[in-house]
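Have a look; sequence and predicted model below, questions after that.
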Amino acid sequence: MDLLNAMQTMNACRYFKPDAVADDLLAKILNAARWAATGSNKQPLSFIVVRDAAKRRALHDLYQPIWDTVMQKYASGEFKSGFTPKFLGHVDHFARHLDTVPVHIVVCVQWKDLTALDANLDRTVLTPGSSIYPAVQNLMLAARAEGLGTTLTTLLALAEPQIKTLLEIPADTATAAVIMLGWPEKPFPQSLKRKPLAETAFLDRYGAPLPGASAYV
Ligand SMILES: Cc1cc2nc3c(=O)[nH]c(=O)nc-3n(C[C@H](O)[C@H](O)[C@H](O)COP(=O)(O)O)c2cc1C
């Protein structure tokens, strides 16, 4: 499939069929992650494909209370999001059925190989993720090209110690994300809801219009 079309239609899939994903297809998709660039080509990433039903159940049991807390904060107004109740219903369904998603992929990273160049700035540290998420996006786009749905999740960062015990992850290795993957129950969207290009791409200085950007809304 056309790469731009894959990018434009790779939604967060929250409804999955129970159908299995073949081993050779999974290996092909994971191979796409391998080609991503990492700082100094250190390649600090590895991926644990979790198919075992008991382990997926355990990941669900870790995820559910974290999601419930987030959901309560949206409901009480403590977290402001603008999410509609319908959208939150989809996310809640996803949480409650997480264990039925056939494949969970835990993204592992040898964190000492990451560089936090911006650690001394007075804001959230951004640069370490730059050696992680290009590979995650490669993997998810490769899955999309095969007709598989994915959702990137990071909520389980709050349960990293328990996940490390569950999956026997070594001490020098962190968990960066868990990708949920399977055959989608619903069709892919024609396009995703994203800001118009003119709001996010500039020429020569922040805020200055980029010629041609208005064609992409
Ligand atoms: C960094 C990141 C973390 C995310 N974490 C979660 C998560 O923990 N749980 C979840 O249901 N969705 C998660 N998502 C999915 C986003 O909510 C979703 O991509 C966003 O709402 C836009 O939806 P769309 O991609 O279908 O257009 C995450 C996405 C990203 C990029």
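Nice, I can see it.

so where's the longest helix in the protein?
Longest among the helix segments of the chain by residue count, using DSSP state H, is helix 53-76.

what number of residues lie near the residue lying closest to L156 once chain neighbours are set aside?
Taking C-beta to C-beta, 6 or more residues apart in numbering, and ignoring the residues beside it in sequence, L156 has V178 as its nearest neighbour in space, at 5.1 Å. In short, each C-beta sits where N, CA and C put it, glycine included. Each residue near V178 was counted by other C-beta atoms under 10 Å, and the total is 26.

V178 contacts H104, correct?
Yes - counting by C-beta atoms under 8 Å, V178 touches H104, with 5.6 Å between them.

Which segments of this protein make up each domain?
The chain resolves into domains spanning 3-186, 190-217 when parsed by automatic domain parsing.

one step back: any idea how far the residue nearest to L156 lies from P18?
Counting by C-beta to C-beta, to the nearest Å, the separation of V178 from P18 is 19 Å.

which residues of the protein fall in strands?
Across the chain, reading from the start of the chain, the strands by DSSP state E fall at 45-50, 103-110, 149-153, 173-182.

Those: which one's closest to the ligand?
Ranking the strands of the chain by proximity to the ligand (C-beta to the nearest ligand atom) places strand 149-153 first, at 3.5 Å.

Put together JSON lines for the strands of the chain, with mean pLDDT and distance to D68 on each row.
As requested, those are exported to JSON lines (pLDDT from 0 to 100; distance: least, C-beta to C-beta, whole Å):
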{"stretch": "strand 45-50", "mean pLDDT": "98", "distance to D68": "22"}
{"stretch": "strand 103-110", "mean pLDDT": "98", "distance to D68": "19"}
{"stretch": "strand 149-153", "mean pLDDT": "98", "distance to D68": "15"}
{"stretch": "strand 173-182", "mean pLDDT": "98", "distance to D68": "17"}
